[in-house]
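Engineer: Give me coordinates for this.
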Amino acid sequence: MKITCTKEEFKSLLDLVYAGNVLINSMRSQEERIQEYSQMEQNIFAMAKDFGFEELITYDEEFKEYTPTAAYEENGVDEYIDAYDTQVFWEELVMRLARRDALNYVGDVDTDMTKAQLKEMQMNLEEKYGQEFEENNLMNLKLVKLEEEHS
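Structural biologist: Residues are numbered from 1 along each chain as shown. I've put the predicted structure just below:
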């Protein structure tokens with residue numbers, strides 16, 4: 001592989017490839033990983049020294065692969081990944097709780113609610129949950145075990 005770019009452009013490419021592979025493969029077992037992405041990361045990591053980034057990527061003889069150094073992991077790209085993970089967590093939590101509660105309401109009440117009305121209810125609940133979590137984080141969130149109907 002041959003890439004023509006400046007040192008700064010290569011650093012951006014390094015960050016994008018690393019973050020992309022984290023997104024795609026970090027939640028997969030070694031056997032489930034999508035190898036073409038892992039291999040592309042290895043190809044880009046192998047070029048780091050050529051662009052003057054030997055302090056960021058090192059070759060691990062034991063595992064026979066290039067890996068980010070502590071210096072790379074502290075250089076800021078993990079902050080972007082963490083911010084993304086945090087944003088997705090809150091959005092998913094709010095959306096799933098609101099959807100659950102809207103569907104539970106429909107299931108508990110004999111109603112002829114339209115899909116549009118259900119969606120509106122969900123959006124109102126999302127707003128309510130979003131405000132609650134923004135103000136109180138998880139402090140007021142509690143798990144309540146529902147008693148089984150046929151106990």
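
Engineer: hey, let's count contacts and neighbours off CA atoms from now on
Structural biologist: Fine.

Engineer: all helices of the chain, in order?
Structural biologist: 7-25, 35-47, 70-73, 77-108, 115-136 (DSSP state H).

Engineer: Redo those as TSV? Include mean neighbour count.
Structural biologist: Shown next, in TSV, are the helices of the chain (neighbours: other Cα atoms under 10 Å):
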stretch	mean neighbour count
helix 7-25	16
helix 35-47	17
helix 70-73	13
helix 77-108	14
helix 115-136	15
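
Engineer: could you redo those helices as TSV and give each row mean pLDDT?
Structural biologist: Output for the helices of the chain, formatted as TSV (pLDDT from 0 to 100):
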stretch	mean pLDDT
helix 7-25	96
helix 35-47	96
helix 70-73	92
helix 77-108	92
helix 115-136	95
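
Engineer: out of those, which comes closest to residue 146?
Structural biologist: Residue 146 lies closest to helix 77-108 among the helices of the chain, at 12.7 Å (Cα to Cα).

Engineer: Now do the closest one: which elements does it pack against?
Structural biologist: helix 7-25, helix 115-136 (3 or more Cα pairs under 8 Å, 6 or more residues apart in numbering; DSSP states H and E).

Engineer: Determine the set of other helices and strands touching the last one.
Structural biologist: So the one you mean is helix 115-136. The contact analysis (3+ Cα pairs under 8 Å, 6+ apart) places helix 115-136 against helix 77-108.

Engineer: Just want the angle from the helix it packs on to helix 7-25.
Structural biologist: 30 degrees (axes from the mean of the first three to the mean of the last three Cα atoms, to 10 degrees).
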